[in-house]
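Participant: Below are the sequence and a predicted model; questions follow.
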Amino acid sequence: MTEAAGRDAGPDLESQFEATIARDQRIEPRDWMPEGYRKTLVRQIAQHAHSEIIGMQPEGEWITKAPSLRRKAILFAKVQDEAGHGLYLYSAAETLGADRADLTERLLEGRQKYSSIFNYPTLSYADVGVIGWFVDGAAICNQVPLCRSSYGPYARAMVRICKEESFHQRQGYELLMTMMRGTEAQREMVQDAVNRWWWPSLMMFGPPDDDSPNSAQSMAWKIKRHSNDELRRRFVDMTVPQAAKLGVTLPDPELRWNEERGHHDFGTPDFSELKEVITGNGPCNAQRMDRRRTAHEEGAWVRAAASAHAAKQAARAREEAVA
Ligand SMILES: [Fe+2]
Ligand SMILES: [Fe+2]
């Protein structure tokens with residue numbers, strides 16, 4: 001279609017968009033897209049970016065208290081990776097016309113959310129391992145299908161992020177393996193962390209399918225490829241054998257293999273707790289937002305310096321072009 005035709009032919013653009021989705025091809029920033037599609041993506045990508053940045057906090061607290069130089073270096077690298085994930089994602093949101101400063105403002109004002117999981121406290125070093133194993137593991141289940149998301153810049157950011165998340169998951173599991181080979185007290189620390197993080201990790205997949213109003217449209221647009229319950233089930237199936245190998249018990253009396261279905265049966269997370277955490281009443285919501293706000297204020301000079309530098313570079317480039 002020529003551009004001139006594209007400008008006046010609304011229905012044609014819509015059907016072209018639908019056809020691109022149906023062919024499993026990517027929508028790119030230059031392509032026409034329905035406003036709802038754009039808005040859904042901005043909301044999802046921003047929420048994802050905020051989660052990466054806020055997600056630095058629970059583990060970041062342990063950097064200065066890591067038990068060895070090796071563990072400190074690993075944790076430092078991991079937390080830094082999460083910052084990088086946030087930045088790729090804010091860039092992906094910018095391709096949809098969103099403004100990064102505005103997204104940050106929305107987070108700080110509580111108008112945009114971040115993942116519920118980061119509102120739980122990290123009480124021991126075993127939590128660092130369990131976060132890597134469960135939280136990065138759940139992130140992988142959620143995000144691997146997003147590598148095939150219909151929006152190009154989001155899908156491409158996900159490819160890179162998923163590679164790093166799988167590294168995070170392995171370092172967490174390796175840390176726990178080491179602790180399980182240690183003293184009785186260390187094994188107890190691991191089991192305690194598993195007990196505290198299991199249910200919140202299952203809640204990371206969101207509310208059950210029959211209570212997830214936006215899911216159907218997101219799946220029709222191929223932004224999302226699998227339902228919340230399906231992803232939750234995958235996570236359980238993936239994690240159960242890993243728990244057995246580690247020698248820990250997952251705190252769910254209903255958890256058992258169902259031969260007929262070829263999946264595990266498992267209990268229902270307390271979704272009223274999820275609602276509470278999402279609405280701001282989790283154990284660490286206030287602390288996480290306070291820290292984020294302070295970091296944003298304390299980083300004002302960095303943003304100002306970076307903008308001044310960019311302006312100077314641009315002015316120099318203009319001068320050179322004239323000369
Ligand atoms: Fe991440
Ligand atoms: Fe990660």
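Facilitator: Right, received. Where do you want to start? Ligands and ions are numbered 1, 2, ... in the order given.

Participant: And the contacts of stretch 251-265?
Facilitator: Val194, Asn195, Trp198, Trp199, Arg233, Val236, Asp237, Val240, Phe266, Gly267 (C-beta atoms under 8 Å, 6 or more residues apart in numbering). Yep, even glycine has a C-beta here, placed from its N, CA and C like the rest.

Participant: and the two most separated of these?
Facilitator: Asn195 and Arg233 (21.1 Å; C-beta to C-beta).

Participant: the more surrounded of these two?
Facilitator: Higher neighbour count among Asn195 and Arg233: Arg233, with 19 against 14, using other C-beta atoms under 10 Å.

Participant: The residue of the stretch 51-200 of the chain found nearest ligand 2 sits in which helix or strand?
Facilitator: Relative to ligand 2, the nearest point of the stretch 51-200 of the chain is His168 (3.8 Å; C-beta to the ion). Taking DSSP states H and E as the criterion, His168 maps to helix 152-180.

Participant: Go through that helix and flag the buried ones.
Facilitator: 152-155, 157-158, 161-162, 164-165, 167-169, 171-173, 175-177, 179-180 (16 or more other C-beta atoms under 10 Å).

Participant: Quick check: which ranges of the chain have low pLDDT?
Facilitator: 1-9 (pLDDT under 70).

Participant: Tell me which residue of it lies closest to ligand 1.
Facilitator: Of all residues in the chain, the one sitting closest to ligand 1 is His85 (3.8 Å; C-beta to the ion).

Participant: roughly how far apart are that residue and Arg26?
Facilitator: His85 sits 21 Å away from Arg26, going by C-beta to C-beta, to the nearest Å.

Participant: neighbour count winner among these two?
Facilitator: His85 (25 against 18).

Participant: tell me the contacts of that one?
Facilitator: Contacts of His85 by C-beta under 8 Å, 6+ apart are Ala49, Glu52, Ile161, Glu164.

Participant: can you put those in a markdown table and add distance to ligand 2?
Facilitator: As requested, those are exported to a markdown table (distance: C-beta to the ion, whole Å):
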| residue | distance to ligand 2 |
| --- | --- |
| Ala49 | 13 |
| Glu52 | 8 |
| Ile161 | 8 |
| Glu164 | 6 |
